[in-house]
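Trainee: predicted structure and sequence below. I'll ask about it afterward.
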Amino acid sequence: MHTWLLFVVAALSACRKTQPATSGSVEMRMPTSVPARGEMQSAVDVRMAILGRSRGEMQSAVTSVLERACGRVPHVSRLRGATQDGLSRVTVQFEAGTDLGTALYGIQTSARNAEPMLPSWAGTAQVTPGPGPVVARYSWSSEVVPAVKVDALVQSAIVDPLAQMSGVGRVAMCGGAPEEVRVEIDSHALLATPFTLKDVINAIQAWRPPAPVQSADLSKLVLGTAHGVPILLGDVAAISDDGQRTGIHQDPASS
């Protein structure tokens, strides 16, 4: 069974407690509580990218300077700095109830005032609203509906409409199973052809599939000819997606 988790980030103006709901064979569990607007915390991201500078240079000359500057802004509750080669990032979280506009202005002003303390090779810090608080979590699961179909359903019916709602900053989905096609080569069948495993790999890599990819399409991929007869990938491999198989191992009774 596959399970999806959905995180709704930022301030929703209203939300009701809802009982678990089902749609066909897909079960959806709704959030039981959402923080009040006054309990939500604003967040601001400060980033600076400088190509060619090492992590150590960025940490000592940029990240530490930005952290000290941002820490002086009123109502800051937490600072989190992150540094890598060519990139400094500081995430600033404010006390609950702090207006996001006020928080942004304070960080922008502080970042400008810190510019004289930055090295000559440093650029201008980019200040943007942070991801905001997670205000709702949803989950879906199904024991019978194929994972890819549930994923598409959640994306079109839930994720896209939620992302367009006023006050929602971001909707993130995780879990489930990625869409994929599995190819299992039958070594005995392949030995009966003039082709090698490398030939099969090269043919698949050169293939330009339709969207979305399906096993029925891949099974018709022509590897080449033997005695004037086309040899298809489905002749030497079992190909499956969503639990359905095509190719040499397909059970005729299940067709």
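Mentor: Received, thanks. Numbering: from 1, shown residues only.

Trainee: quick one: the strands in the stretch 151-255 of the chain?
Mentor: Assigned by DSSP state E, counting those that start in this stretch, the strands in the stretch 151-255 of the chain fall at 170-175, 182-185, 222-226, 229-232, 237-241, 244-247.

Trainee: format those as CSV; extra columns: distance to G106.
Mentor: The C-beta positions use only the backbone N, C-alpha and C, and glycine is treated the same way. Shown next, in CSV, are the strands of the stretch 151-255 of the chain (distance: least, C-beta to C-beta, whole Å):
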stretch, distance to G106
strand 170-175, 23
strand 182-185, 53
strand 222-226, 64
strand 229-232, 65
strand 237-241, 52
strand 244-247, 57
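
Trainee: and the chain, what are its domains?
Mentor: Listed by automatic domain parsing, the domain ranges of the chain are 2-33+133-175, 41-129, 182-254.

Trainee: go through those domains and pick out the most buried.
Mentor: Among the domains of the chain, ranked by average contacts under mean count of other C-beta atoms under 10 Å, first place goes to domain 41-129 (a mean of 17).

Trainee: and A192, how far from K198?
Mentor: 17 Å (C-beta to C-beta, to the nearest Å).

Trainee: low-scoring stretches of the stretch 51-200 of the chain, by residue?
Mentor: Judged by pLDDT under 70, the stretch 51-200 of the chain has its weakly predicted residues at 131-136, 147-148, 166-170, 174-179.

Trainee: and the helices in it, which stretches?
Mentor: Using DSSP state H, counting those that start in this stretch, the helices of the stretch 51-200 of the chain run over residues 55-58, 64-71, 100-113, 147-154, 160-163, 187-191, 197-206.
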